[in-house]
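Peer 1: Just a sequence and a predicted model for now, questions to come.
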Amino acid sequence: MSTTARKNAATPAPEVGSETRLELYRLQLELRYCEKRAYDLFLQNLIKGTSHLSLGQEAIAAGFGVAMRPDDYTFCTYRGHAHTLARGASMTGVLGELMGRQCGLLGGKGGSMHLTDVAHGVMGSYAIIGAHLPIAAGAAWSAQYRGTQQAAVCFFGDGTTNIGAFHEALNFSVVWKLPVVYVCENNLYMEYTPISSVTAVEHPAADRASAYGLPSIVVDGNDADAVYLEASRALAKARAGGGPTLIEAMTYRHSGHSRADPGKYRPPGELDAWLKRDPVPFYRQRLIEHGVDERTLKSMEDEAMGKVEQATANAKASALPSVDDIEKNLWSDGGVAWRN
Amino acid sequence: MSTTARKNAATPAPEVGSETRLELYRLQLELRYCEKRAYDLFLQNLIKGTSHLSLGQEAIAAGFGVAMRPDDYTFCTYRGHAHTLARGASMTGVLGELMGRQCGLLGGKGGSMHLTDVAHGVMGSYAIIGAHLPIAAGAAWSAQYRGTQQAAVCFFGDGTTNIGAFHEALNFSVVWKLPVVYVCENNLYMEYTPISSVTAVEHPAADRASAYGLPSIVVDGNDADAVYLEASRALAKARAGGGPTLIEAMTYRHSGHSRADPGKYRPPGELDAWLKRDPVPFYRQRLIEHGVDERTLKSMEDEAMGKVEQATANAKASALPSVDDIEKNLWSDGGVAWRN
Amino acid sequence: MAELTYRDAVAAGIAQEMERDQNVVFLGEDVAHAGGVFKATVGLIERFGPLRVRDCPISEQAIIGAAMGAAMTGLRPIAEIMFSDFFAVCWDMIANEIAKARYMTNGQMAMPLVIRTANGGGSRFGAQHSQSVENWAMMIPGLKVVAPAFPADVKGLLAAAVRDPDPVIFFEQKSLYSLKGEVPDGEYVDELGKAKVLRHGKDCTIVALAAMVHRALEAAEVLEREHGISCTVVDVRSLVPLDTQTILSEVAKTGRLVTVEENPRLCGWGAEIASIVADECFWELDGPIIRITTPHVPLPSADLLEDHTMPSAERIVRELRAKLD
Amino acid sequence: MAELTYRDAVAAGIAQEMERDQNVVFLGEDVAHAGGVFKATVGLIERFGPLRVRDCPISEQAIIGAAMGAAMTGLRPIAEIMFSDFFAVCWDMIANEIAKARYMTNGQMAMPLVIRTANGGGSRFGAQHSQSVENWAMMIPGLKVVAPAFPADVKGLLAAAVRDPDPVIFFEQKSLYSLKGEVPDGEYVDELGKAKVLRHGKDCTIVALAAMVHRALEAAEVLEREHGISCTVVDVRSLVPLDTQTILSEVAKTGRLVTVEENPRLCGWGAEIASIVADECFWELDGPIIRITTPHVPLPSADLLEDHTMPSAERIVRELRAKLD
Ligand SMILES: Cc1ncc(C[n+]2csc(CCOP(=O)(O)OP(=O)(O)O)c2C)c(N)n1
Ligand SMILES: Cc1ncc(C[n+]2csc(CCOP(=O)(O)OP(=O)(O)O)c2C)c(N)n1
Ligand SMILES: [Mg+2]
Ligand SMILES: [Mg+2]
């Protein structure tokens, strides 16, 4: 896969430690099982509205989740369950929000597309394409101004590179040398339209990096180690005052764009080919090659599944939000009054 | 001036014919004299509001004006007097509009920033940065769909390359292979802020061309011949179905950003250096080198000045618009009614 | 008459106009090969081909800008903005460019285009995919604004919008896409700027739009049957031009005005109508003007919360009973 | 008390708050080294340095996005949008992101920021640089909206806006920048959400905002002196929160309401106030509610046309005489 090679791989690849590897696997398992559970809950009509799963893309959220510092900032899209969980947000809070329960991260007010957990640095999931790129720049600016060496990481899709806010955010961040990492998860599609049919260049992010004086970086988004290493480099650069990084991670979503989408627009065989590169079994194999024994893996898998079962049970047991909540939290005083 | 060299100058430079040269000079003279007149009319308080002169940048409007076909489309900014005149719009109409007279191109409704002359292909002057780039793409799409081989030419400044609409328009135009030519007049400044202080790359347009799969083109915007040749190439490409071109023309405005601006933010000596490359005397010198005699030049200059005098007189003699015009031309039925 | 869904009436209206006029072209995100995320434009690319029905990048400014450039040079584009919330990313194109071009150029510039969009709540999509933003468009001089409540109106008003020589913002209420109704067969064109009186009463005139028309009708039913309150229901259909004649005369008959708006309270279209009535129909009023709106908050996503935030038939009944007596 | 221009009161208000709180930062286009295109922020970079007073590229989405990201992570940014018309290029950031963040996240996200902008007509700048768009902001739940008419209010309300923990849209009326007035020396902070009664009358209550306050006062003067009509004039000052108490009680006293709005007619803030009064103050009204607005057209640029389009004192006098008798 030539497209997944890192283009400017001048630095010799450092090693990923074995504890980090276990952590990467653990996280990918949790993200995978939780997303699958979200899918099941849909089918049971316990989740309403829409929802955008990142089944198949977990290595990216995991790689960054492990590389980031606890006080770093994450900015997600509507396809943000994995990125939110990867920062340590409560799984009950995530599933509860999808189910519209009181225990939800947002008490049922935001829904699947807006997961947020400020306490864990998840500064929001944004459902209008492009908006969160400049906002991430702002969080990075704040960190820079306050001198905290925090970094902001902003995830978005290939389709997002064609909207104006992408361009403004990239230029702005470079000019102000902001500690922000932009991560384009190129899963080959917008909603149902192939990205190649609406984009002037092959790599929608990497081929545009030079327009902002940045190096072109493409990484295998299905290899958690590769993502982790790239993330570590970019975060170190940000903390050292070196400014932003733009990374294009090649990946694929296993399910449709959203709940309503059976994904029929994909050419035959494409999904199968990518399923062969499914990041979770792929990473399991790597661990085995690195000498991790089957029992350890199995117990990690059981533990992750147990966590999902527990969270599901918690969320199901949670009450519905109260109708009184409608009149709460528009303003900092807790209320919604626009008049005296 | 290394920055004004055309980067991809693979094609051997064709010659500019001598008649074309005279036409280029004639046009530059008219643009220059008319803008200077606009400046004088301000000082006499006969022009109100704001106005943005392109003194010093005339070679670009002239180069394109001569290269374009009568049925091509022009899209200008608020700094669009020259581009409008270069398509053959009435000078009385232009000065009349600046003065808010009935004879104005827009009957006093638009003002200096919105000159439009649909009959001459001037499809509007746009005062909100970036907006007209996608609109020009739309006109080009229409030409493509109708199969007319018309092209759209869209002029804008260096500062405009940092707004989202620039990015969207460029990508869109390339993907749809639209017959549109984007011309960035890099005069080194936004309003009062140097473009270099807010832009991630040296050449705000040319260094971004590759992000849209386009070649990087920088042209000396103070040399009407160079502009004319580049324009001709781009227009031919557009008509041949070759898609859009992005051209960065290096230039400088002699006056401030707008009427209110004395231009104090410029480093000492900068203006003087550029005045030495003033496109009008520069081009006069070239004509002399090509054997055009002093008398011919003098008579062209007198004629251009005569045209400006006549237009000024016409505009001054024109009535003010009628208050009844306020209630006209919101809708195609000529009226403004929003209710029955 | 065939029974069509509101969603299918969209495709029927577009197809009718594309069939008639070669200059009608259609563009948007995921509208062609996928038939739209609400499946409202299925079959158009097969019928009219990829030069007239075009998928676009996620570039709303480019989409609306392209429509504008095409309209001023002889085409009659229909552009889709997937959710009306996304008007915010191309608002400059809509409010500052398209709306003003003809007036600013003193009539030089023609702008025959339609922007279609899925508007409104009720789908548990959360605050950024559920707004009712008819007032965003209504407040901008130079835009015509239409919001149908029934499949027949979708087809007829969409056709009228395409034929209109001025820019029309066409709001399709997403909670109505699966609503079925009789739609005239064959060529069918309605008229912009005409409200419809759907029900005649004597105690009160309820003025509603889009999804709220159905709730107003349901409430009027209950009020009549269970509480002896008889209401006129007016479907505004077109905010610009606004059929003030119908509204004023219907309010004059009952002496009371109630607006039912899906939008959050402040500066909704109901405020405008209330202010017109409070001026021109003041002496015919028998009591206060009542506005029933979504409270002035973003729309929450959980079923229960969303349902209790938007005006329901029950709430209309409750408020009218409390305030009319 | 010193006499300051409205323009200088802006810089004074910002300086006061930057002095007090290190977390207040200021960004915009041409705001730092050039001191702003309206010269309203002259001297700030010299005083607070280039880390706190920052020039930006022409990237309104980036500017407002950056302010939002900074606000949610502990700073208190003030962002300038040069002309309020340009809200349209960053409307998503303002209306869909900033306004909704706290509510959607059920209170997790703080958003203490101010967006300042030059608003309104009268400068012959044409339709894209002259709009009065207070209603654009007012209609979005989650935004506070302020529009001062006097230099003292500029300083005091700007300080209050910066200290407010919620997002505030601060409209500076560009036709007032050179207006002079007394401004309290030293630290001065006003309160959001309070209207001011500037004149007491008995025949009619005129409610106005920003530049229209001055025209209303002038008209009230003439009406009293030349026509024996005595008017109360209320300066709304803050559209959200809205001081309905003051408005309702002043309307109740005179029995008549007239709003004077610079915005084009449809869905202006006056419509909202009219609808509130027509509901809650109905029984105290002695006659129709009158709205005086710019007609529903874009603003033309020529002096004569612009002057006749915006509401003038003469027009207020004329309309009130015709309609109050
Ligand atoms: C401004 C805007 N336009 C359109 C949409 C509708 N939309 C939601 S997701 C999506 C596709 C996004 O594609 P991409 O950026 O590749 O992300 P992915 O969904 O593949 O993760 C679109 C068009 C939107 N939410 N916002
Ligand atoms: C969206 C928007 N932001 C800001 C402005 C204010 N403004 C008008 S001209 C200008 C500078 C434009 O610079 P450039 O593109 O280089 O064009 P030039 O004026 O140099 O020709 C600015 C910031 C505007 N008109 N529109
Ligand atoms: Mg994608
Ligand atoms: Mg410039």
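Peer 2: Looks like it came in fine. Ligands and ions are numbered 1, 2, ... in the order given.
Peer 1: pLDDT score assigned to residue A:13?
Peer 2: Per-residue confidence (pLDDT) for residue A:13: 57.
Peer 1: residue contacts, residue C:291?
Peer 2: Residue C:291 makes contact with C:258-259, C:261, C:265, C:268, C:270-271, C:274, D:275, D:279, according to CB atoms under 8 Å, 6 or more residues apart in numbering or on different chains. C-betas here are computed from N, CA, C, even on glycine.
Peer 1: Pick out the residue in the stretch 101-250 of chain C sitting closest to ligand 4.
Peer 2: In the stretch 101-250 of chain C, the residue found nearest to ligand 4 is residue C:104; the distance is 23.3 Å by CB to the ion.
Peer 1: so that residue sits right up against residue D:299, yeah?
Peer 2: No: the criterion here is CB atoms under 8 Å, and residue C:104 misses it with residue D:299 at 9.5 Å.
Peer 1: Show me what residue C:197 is bridged to.
Peer 2: Per DSSP bridges, the residues bridged to residue C:197 are residue C:234.
Peer 1: name the helices or strands packed onto the host helix or strand of residue A:145?
Peer 2: Assessed by DSSP states H and E, residue A:145 sits inside helix A:132-146. For helix A:132-146, the elements it packs on are strand A:73-77, strand A:122-126, strand A:152-157, helix A:164-175, strand A:180-186, helix D:60-71, judged by 3 or more CB pairs under 8 Å, 6 or more residues apart in numbering or on different chains; DSSP states H and E.
Peer 1: Is the fifth one in proximity to chain B?
Peer 2: The one in question is strand A:180-186. No: using CB under 8 Å from any CB of the partner chain, we find that strand A:180-186 stays clear of chain B, coming within 13.0 Å at best.
Peer 1: what is the mean pLDDT for the helix or strand following that strand?
Peer 2: Counting by DSSP H and E, the element after strand A:180-186 in chain order, helix or strand, is strand A:218-220. Taken as a whole, strand A:218-220 has a mean pLDDT of 98.
Peer 1: chain center to strand A:218-220, what's the gap?
Peer 2: Taking CA atoms, centre = their mean, to the nearest Å, one finds the center of strand A:218-220 at 15 Å from the center of the full chain.
Peer 1: in its sheet, what does that strand sit against?
Peer 2: Strand A:218-220 is paired, per DSSP bridges, with strand A:245-250 (parallel).
Peer 1: what's around the residue of the stretch 51-200 of chain C found nearest ligand 4, how many residues?
Peer 2: For the stretch 51-200 of chain C and ligand 4, the shortest gap (CB to the ion) falls at residue C:92, measuring 19.6 Å. Using other CB atoms under 10 Å in any protein chain shown, residue C:92 has 29 other residues around it.
Peer 1: Look up how far residue B:165 lies from it.
Peer 2: Using CB to CB, to the nearest Å, residue C:92 is found at 8 Å from residue B:165.
Peer 1: Residue A:182 too?
Peer 2: Residue A:182 sits at a distance of 20 Å from residue B:165 (criterion: CB to CB).
Peer 1: just to revisit the earlier point, pretty sure the residue of the stretch 51-200 of chain C closest to ligand 4 belongs to a strand, no?
Peer 2: No: using DSSP: H, G, I helix; E, B strand; the rest coil, the assignment for residue C:92 is helix, not a strand.
Peer 1: residue contacts, it?
Peer 2: B:128, B:131, B:165, C:61, D:86, D:88-89, D:91.
Peer 1: Distance check, the nearest residue to it once chain neighbours are set aside against ligand 1.
Peer 2: Closest residue to residue C:92 apart from its sequence neighbours, by CB to CB, 6 or more residues apart in numbering or on different chains: residue D:88 at 3.7 Å. Residue D:88 sits 15 Å away from ligand 1, going by CB to the nearest ligand atom, to the nearest Å.
Peer 1: for residue C:323, same thing?
Peer 2: 39 Å.
Peer 1: Test for you: state the pLDDT assigned to the single nearest residue of the stretch 51-200 of chain C relative to ligand 2.
Peer 2: Residue of the stretch 51-200 of chain C nearest ligand 2, by CB to the nearest ligand atom: residue C:92 (7.3 Å). Residue C:92 carries a pLDDT value of 98.
Peer 1: What score does residue 308 have for pLDDT?
Peer 2: With no chain named, the answer covers chain A. 98.
Peer 1: could you do chain C instead?
Peer 2: 98.
Peer 1: neighbours around the closest residue to residue A:321 other than its chain neighbours, how many?
Peer 2: Of all residues not flanking residue A:321 in the chain, residue A:108 sits nearest, at 4.0 Å (CB to CB, 6+ apart). By other CB under 10 Å, the residues close to residue A:108 number 29.
Peer 1: can you tell me the helix or strand for residue A:108?
Peer 2: Per DSSP H and E, there is no helix or strand for residue A:108.
Peer 1: doesn't residue A:320 make contact with it?
Peer 2: Yes: with contact taken as CB under 8 Å, residue A:108 and residue A:320 are classed as touching, separated by 7.4 Å.
Peer 1: list residues touching both of these two?
Peer 2: Here residue A:108 and residue A:320 have A:100-102, C:302, C:304 as joint contacts, going by CB under 8 Å, 6+ apart.
Peer 1: Out of these, which sit inside helices?
Peer 2: Counted as lying in helices by DSSP state H, out of the shared contacts of residue A:108 and residue A:320, are residue C:304.
Peer 1: just checking, the residue nearest to residue C:92 is part of a helix?
Peer 2: Yes: assigned with three-state DSSP, residue D:88 falls within a helix.
Peer 1: Now do the shared contacts for residue C:104 and residue D:299.
Peer 2: Counting by CB under 8 Å, 6+ apart, the common neighbours of residue C:104 and residue D:299 are D:126-127.
Peer 1: which one is the closest residue to chain A within the stretch 151-300 of chain C nearest to, not counting chain neighbours?
Peer 2: Residue nearest to chain A within the stretch 151-300 of chain C: residue C:300 (4.3 Å; CB to the nearest CB). The shortest distance from residue C:300 to any non-neighbouring residue, by CB to CB, 6+ apart, is to residue A:109 (4.3 Å).
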